[in-house]
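K.L.:
Model the following, please.
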Amino acid sequence: MTAPTRRALAVSPTRQAQDAARALADAYDWVAEDRAEMIVALGGDGFMLQTLHRQLERPGVPLPVFGMNLGTVGFLMNDWQVFGLDARLSGSKAFKVTPLRMVATTAVGERVTLPAINEVSLLRETRETAKLEVTLNDRVVLPELVCDGILAATPAGSTAYNFSAQGPILPLGSSLIALTPISAFRPRRWRGAILPDKARIGLRVLEPQKRPVSAVADQREVRDVASVEIAIDRTRELTLMFDPEHALDDRITMEQFIA
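P.N.:
Down below sits the predicted model:
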């Protein structure tokens with residue numbers, strides 16, 4: 001692609017990111033986000049998720065985002081440097097990411113719909129283990145899962161919380177969802193499932209008063225849920241831009257070989 005002439009900066013509030021933004025502001029021309037063709041995000045993976053969620057909420061087509069790492073891990077980011085930005089943007093490689101849609105119904109009947117780029121997770125709120133019924137396309141596949149929680153991860157998010165919970169890494173573009181239990185107690189041998197991304201996942205909380213559960217879509221939490229429905233949201237699509245040598249699909253593949 002050619003380097004966009006109208007670029008906006010999205011900057012984490014950390015001092016390091018603010019200092020980097022001043023350096024870029026001196027070296028390049030920038031516009032307000034509502035006039036931009038692309039976003040350059042400065043921060044870590046958490047800030048990148050915030051930036052992407054803001055794009056999901058804006059009217060119209062979400063803008064592509066090129067991130068530069070000024071955080072800790074920076075899995076979703078490119079390397080930070082001031083010079084050569086035009087050439088990097090022109091030579092960058094685009095990756096399409098489709099988010100999950102979580103529809104959570106609380107114990108008092110409120111319905112909350114939220115997108116998730118990495119994962120939707122259900123987590124116990126107290127010392128009591130959670131008890132969940134798991135359905136797939138309206139069919140009960142686990143009548144009772146006793147656990148600390150469960151999560152559904154996209155390929156882009158499969159190397160994050162999902163991987164820490166011993167879930168599988170999914171290649172980008174694989175059209176799969178990882179369904180991974182968190183500290184499952186019963187059934188003891190169930191280690192999760194790899195599902196086609198057309199699957200509709202249902203999670204019903206058993207004994208919600210005695211064993212309350214929260215639902216989290218990336219960084220946004222809904223407390224005291226009674227049930228959660230999870231599916232790919234095919235009406236939305238995000239574009240992440242990467243330097244060819246730091247492309248997201250290669251990073252996801254290589255994560256499987258890190259000791």
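K.L.:
Leaving aside the residues adjacent along the chain, what's closest to the residue nearest to the spatial centre of the chain?
P.N.:
For the chain, the residue nearest the mean C-alpha position is residue 118 (1.9 Å; C-alpha atoms, centre = their mean). Distances taken as C-beta to C-beta, 6 or more residues apart in numbering put residue 157 closest to residue 118, at 2.9 Å, once the chain neighbours are dropped. C-beta coordinates here come from the backbone N, C-alpha and C atoms, glycine included.
K.L.:
how much space is there between that neighbour and residue 13?
P.N.:
24 Å (C-beta to C-beta, to the nearest Å).
K.L.:
More neighbours: the two, which one.
P.N.:
The residue with more neighbours, out of residue 157 and residue 13, is residue 157; 28 against 8, by other C-beta atoms under 10 Å.
K.L.:
Doesn't the more buried one belong to a strand?
P.N.:
No: the assignment for residue 157 (DSSP: H, G, I helix; E, B strand; the rest coil) gives coil, which keeps it out of a strand.
K.L.:
Phi and psi next, for residue 36.
P.N.:
Main-chain torsions, residue 36, degrees, to the nearest 10: phi -90, psi 160.
K.L.:
residue contacts, it?
P.N.:
Neighbouring residues of residue 36 by C-beta atoms under 8 Å, 6 or more residues apart in numbering: 4, 6, 7, 8, 63.
K.L.:
The same query, at a cut-off of 10 Å, please.
P.N.:
Residues counted as contacts of residue 36 (C-beta atoms under 10 Å, 6 or more residues apart in numbering) are 4, 5, 6, 7, 8, 9, 10, 30, 63, 64.
K.L.:
Point out where this protein drops to low pLDDT.
P.N.:
Within the chain, the ranges that satisfy pLDDT under 70 run 1-4, 259.
K.L.:
Helices of that one, start to end?
P.N.:
Assigned by DSSP state H, the helices in the chain fall at 15-27, 45-57, 85-90, 161-164, 248-254.
K.L.:
between the ones you listed, which one is nearest to residue 177?
P.N.:
helix 161-164 (9.9 Å; C-beta to C-beta).
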